[in-house]
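[1] I need the structure of the sequence given here:
(one chain, ligands or ions: 2)
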Amino acid sequence: MSKQFDVIVIGGGPGGYIAAIRAAQLGFNVACIDEWKNAKGGPALGGTCTNIGCIPSKALLQSSEHYEHASHHFSDHGIEVKGLSLNLPKMLGRKDTVVKQNNDGIVYLFKKNKVTFFHGRGSFAAAKDGSYDIKVAGAAEETIAGKHVIVATGSNARALPGAPFDEETILSNDGALRIGAVPKKLGLIGAGVIGLEMGSVWRRLGAEVTVLEGLPTFLGAVDQQIAKEAHKAFVKQGLKIELGATVGEIKSGKKGVSVAYVDAKGQAMTLEVDKLIVSIGRVANTIGLAPEVVGLKLDERGAILVDGECKTNLPNVWAVGDVVRGPMLAHKAEEEGVAVAERIAGQHSHVNFNTIPWVIYTNPEIAWVGQTEEQLKAAGRAYKAGTFPFMANGRARALGDTTGMVKMLADAVTDEILGVHIVGPMASELIAECVVAMEFRASSEDIARICHAHPSLSEATKEAALAVDKRTLNF
Ligand code: FAD
Ligand code: NAI
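    Ligands and ions are numbered 1, 2, ... in the order given. A predicted model of the protein is given here:
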């Protein structure tokens, strides 16, 4: 007789492991299956986010930013550095340690919450007697049964046709996080989130970086006033960004990679680089899940088809995170995981897609929540806008980091905040206040009337709120 569980979660990334913990907190007997292997073949819980995504990229962004400060900006503070050198193996080793701390943290959380962990690949084997048989193929093979199944199998990097990832010269986000020596010339295809974050890391460490972007607009989903400000800053830092580039044949050899492309003016060009990172989006992952065995439906893009509550076409089978529609973000996956666990327990949980924050962890950081000015215009919504530059913020001056602004958009009649867009220092932290405000359907006046600590970057948010009413105090 196979082991029985109330809930089986397939996938131990942010969607899956959080769903498992929440379900266990609610009193269910929970199993989580994850197949990720560390370098020694052991388990490495946390999925893409922990192993080759959010966590290692932020570790390298931090380290490379320290290096850039020491190389170029410490002297502004009267700190002279002589004999500065880069120890890349140590930097990469530190990143691996940070990843392991997070892997181990999840193992601890599973023990604490009594989630049973299986290391291996989970696949649908049968649907019978009101439950699902899930085969676990790991060091050994066994079948477990669960009344509810939550699929959280994540996503994989999309490759360019004819240029598969070898992780040596043509790199996905995986290889991009472990290049052994700083390449002299690095190419990236796609100036999206990964392109800008990984391009920044390797530029700071000394690579000459060129990014080829297919679209004519830089960061098309971002409020364009903010995107333009960010573009200016990246170009000033030395990141070469070619918009409107149509990528053609890619040839990879021992000496590097050559990328044929047609530039925005229609001219045939070739980019020769030592390494190429392809960051053109990600695809939902159902490899090895065997959805067809139980008739689990996918959509036309290969994502698991779900409704607004993450219910699939099968009773008691749910799916969350990157493997379903919606933004591919760790915190979105987590929110869906919690909501599904609570729905299984009969609660009425809700994920508000309008208030999911986005952050790009470059320097300057870019963060936003809600609608952009372009979206409001397209929807014909009457709005007021207020902006406040970090140049006029005392804390930003003290930090020596005055690039960018906070921009607040509010309804012209009710003053409800409809969107906040930030480019500048610590935008990733500043956006949290704006998310809270929007969740509580605050007006810009609410933020304008709240006391913010001085001197702090958050005063720029308050001033942007004051600017909506054209009454900034410090600009
Ligand atoms: P995943 O994290 O992909 O986890 C899925 C897990 O399921 C994996 O461990 C996989 O091995 C396992 N699995 C798959 N199939 C099976 C199977 N059949 N059986 C057993 N196990 C299986 N998001 C942010 O919010 N902030 C960031 O800063 C950020 N940075 C990123 C940086 C990079 C370079 C990348 C690539 C992504 C980044 N993301 C970031 C996105 C984020 O990583 C994803 O949105 C998030 O990991 C999705 O979580 P998930 O649980 O849906 O899937
Ligand atoms: P992306 O969707 O952010 O950007 C892909 C870019 O590639 C787009 O600008 C697109 O126009 C361009 N592109 C697509 N096909 C192209 C082609 N053939 N030639 C040239 N350009 C092309 O995808 P990315 O950067 O791969 O990241 C995937 C996802 O991972 C993100 O959308 C995000 O959900 C998540 N992520 C989140 C991070 C964060 O929250 N800070 C960090 C990194 C990734």
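[2] how much space between the residue lying closest to Phe353 once chain neighbours are set aside and ligand 1?
    Closest residue to Phe353 apart from its sequence neighbours, by C-beta to C-beta, 6 or more residues apart in numbering: Gly326 at 6.6 Å. For the C-beta atoms, the positions are set from N, CA and C on the backbone; glycine is no exception. According to C-beta to the nearest ligand atom, to the nearest Å, Gly326 stands 10 Å off from ligand 1.
[3] Does Val99 belong to a helix, a strand or coil?
    The three-state label given to Val99 by DSSP: H, G, I helix; E, B strand; the rest coil is helix.
[4] re the thing from before, how about the secondary structure of the residue nearest to Phe353?
    coil.
[5] wait, isn't it in contact with Glu335?
    No. In this structure Gly326 lies outside contact range of Glu335 using C-beta atoms under 8 Å: 10.1 Å.
[6] Check what pLDDT Pro291 gets.
    Looking at Pro291, its pLDDT reads 98.
[7] Centroid-nearest residue for this protein?
    Leu329 (4.6 Å; C-alpha atoms, centre = their mean).
[8] Which residue, other than its chain neighbours, is closest to that residue?
    That would be Ile356: by C-beta to C-beta, 6+ apart, it lies 6.7 Å from Leu329.
[9] Leu473 and Asn393, how far apart?
    Relative to Asn393, Leu473 is positioned 12 Å away (C-beta to C-beta, to the nearest Å).
[10] who touches both of those two?
    Counting by C-beta atoms under 8 Å, 6 or more residues apart in numbering, the shared contacts of Leu473 and Asn393 are Glu463.
[11] Tell me which of these two has more neighbours.
    Taking neighbours as other C-beta atoms under 10 Å, Leu473 and Asn393 compare with Asn393 leading, 28 against 11.
[12] how much space between the more buried one and ligand 1?
    25 Å.
[13] With adjacent residues omitted, what lies nearest to that residue?
    Nearest to Asn393 is Ala460, by C-beta to C-beta, 6+ apart, at 4.7 Å.
[14] do Glu213 as well
    Ala191 (3.7 Å).
[15] On the three-state scheme, that neighbour is what?
    Reduced to three states by three-state DSSP, Ala191 is coil.
[16] likewise Ala465?
    Criterion first, three-state DSSP; result for Ala465: helix.
[17] What distance do you get for it to ligand 1?
    26 Å.
[18] begin at 13 from here
    Got it, the first residue is 13 from now on, which makes the last one we talked about Ala477.
[19] wait, what's in contact with that residue?
    Gly398, Met420, Ser456, Glu457, Asp458, Ile459, Ala460.
[20] quick one: which two of the residues you listed are the most distant?
    Gly398 and Asp458 (13.3 Å; C-beta to C-beta).
[21] okay, these two: which has more neighbours?
    Gly398 (23 against 15).
[22] ok, now which ones touch the more buried one?
    Applying C-beta under 8 Å, 6+ apart, the residues near Gly398 are Lys419, Met420, Ala422, Ser456, Ala476, Ala477, Leu478, Ala479, Val480, Asp481, Lys482, Thr484.
[23] do Asp286 as well
    Asp286 neighbours (C-beta under 8 Å, 6+ apart): Thr181, Pro195, Lys196, Lys197, Leu198, Gly268, Val269.
[24] how deep is the closest residue to ligand 1 within the stretch 263-412 of the chain tucked in, by neighbour count?
    Nearest residue of the stretch 263-412 of the chain to ligand 1: Gly333, at 2.2 Å (C-beta to the nearest ligand atom). Counted by other C-beta under 10 Å, the residues lying close to Gly333 total 35.
[25] ok so, going back, which one of Gly338 and Glu347 is surrounded by more residues?
    Glu347 (22 against 17).
[26] which SS class is that one?
    Taking three-state DSSP, the label given to Glu347 is helix.
[27] Read off the pLDDT value for the nearest residue to it once chain neighbours are set aside.
    Spatially, and ignoring its direct neighbours in sequence, Glu347 is nearest to Val363 (4.6 Å; C-beta to C-beta, 6+ apart). Predicted confidence (pLDDT) at Val363: the value is 96.
[28] wouldn't Val363 be in contact with His343 here?
    No. Counting by C-beta under 8 Å, Val363 stays clear of His343, with 10.2 Å between them.
[29] more crowded one of these two?
    Val363 (19 against 16).
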